[in-house]
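Participant: Fold the following and give me the result.
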Amino acid sequence: MKRILFAEDDAVTRLVVTAQLQKLGYETMVARDGVEALELFRREKPSIVITDWMMPNMDGTDLCRAIRKQVDARYAYVIILTALDRKAGYVEGMKAGADDFVSKPCSMEELNVRLRVAERILTLQAEAKQLEDLLPICPECQRIMTADGAWQQVESYIMRRTDAHFSHGICPACFEKHIRPQLDRYTSSKSTPGSGKGMTAAA
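Facilitator: So this is what the prediction gives:
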């Protein structure tokens, strides 16, 4: 289950949105302002943060900036809730490091869509990070372990994530190890004395 940090100073909104998140199947941590939210983020390291824009002590944009400065934490997808005109605050929120914006009050349908986008992006980022690191590979079947712990053939894994396609070939080392001995045995059998004598007589 994915965990969400929700920061909101209004008690009614906290109850409503928390109930919506729980219905969608998310484990939710709740903070009453940006300072409390930052403490929770540092301790729990949730993958998604939903924060109100206007809050006491630390507002949503300042919280977002503070989250982006946490170099030791994995990337968190930040959604800012705002009752302001979204266009007016879009540039400021993006500069602070926000990923998405939702107008208040938000419906469960819209929230669900936004969270699906967040999960998709986080999954792609995790897979990209795994490609940057060493991929676990089985020495027997040559399958690699994906970010979700499943095992896939290397060809399938790469083709699903890139535009690459595979054709079959034999590298020089494998040719010398596997193909060359077979060719040598075949050539040797053809050149053995008497091997072609019967064929000449039959002709």
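Participant: Now for this structure, the helix or strand with the poorest mean pLDDT.
Facilitator: One helix or strand of the chain scores below all others by mean pLDDT, DSSP states H and E: helix 197-202, with a mean of 43.
Participant: For the helix or strand hosting Glu92, name the packing helices and strands.
Facilitator: Assigned by DSSP states H and E, Glu92 belongs to helix 86-96. If you count contacts as 3 or more Cβ pairs under 8 Å, 6 or more residues apart in numbering; DSSP states H and E, helix 86-96 packs onto helix 60-68, strand 77-82, strand 100-103. Every residue, glycine included, has its C-beta placed from N, CA and C.
Participant: so which of the ones you listed comes closest to Asp148?
Facilitator: Among these, strand 77-82 comes nearest to Asp148, with 17.6 Å by Cβ to Cβ.
Participant: chain center to the lengthiest helix in the chain: distance?
Facilitator: Among the segments of the chain that qualify as a helix by DSSP state H, the longest is helix 108-132. Relative to the centre of its chain, helix 108-132 is centred 7 Å away, using Cα atoms, centre = their mean, to the nearest Å.
Participant: What are the buried residues along that helix?
Facilitator: In terms of neighbour count (16 or more other Cβ atoms under 10 Å), helix 108-132 has its buried residues at Leu111, Arg114, Leu115, Ala118, Leu122, Ala126, Glu127, Gln130.
Participant: is it true that Gln20 touches Leu111?
Facilitator: Yes: counting by Cβ atoms under 8 Å, Leu111 is a contact partner of Gln20 at 5.9 Å.
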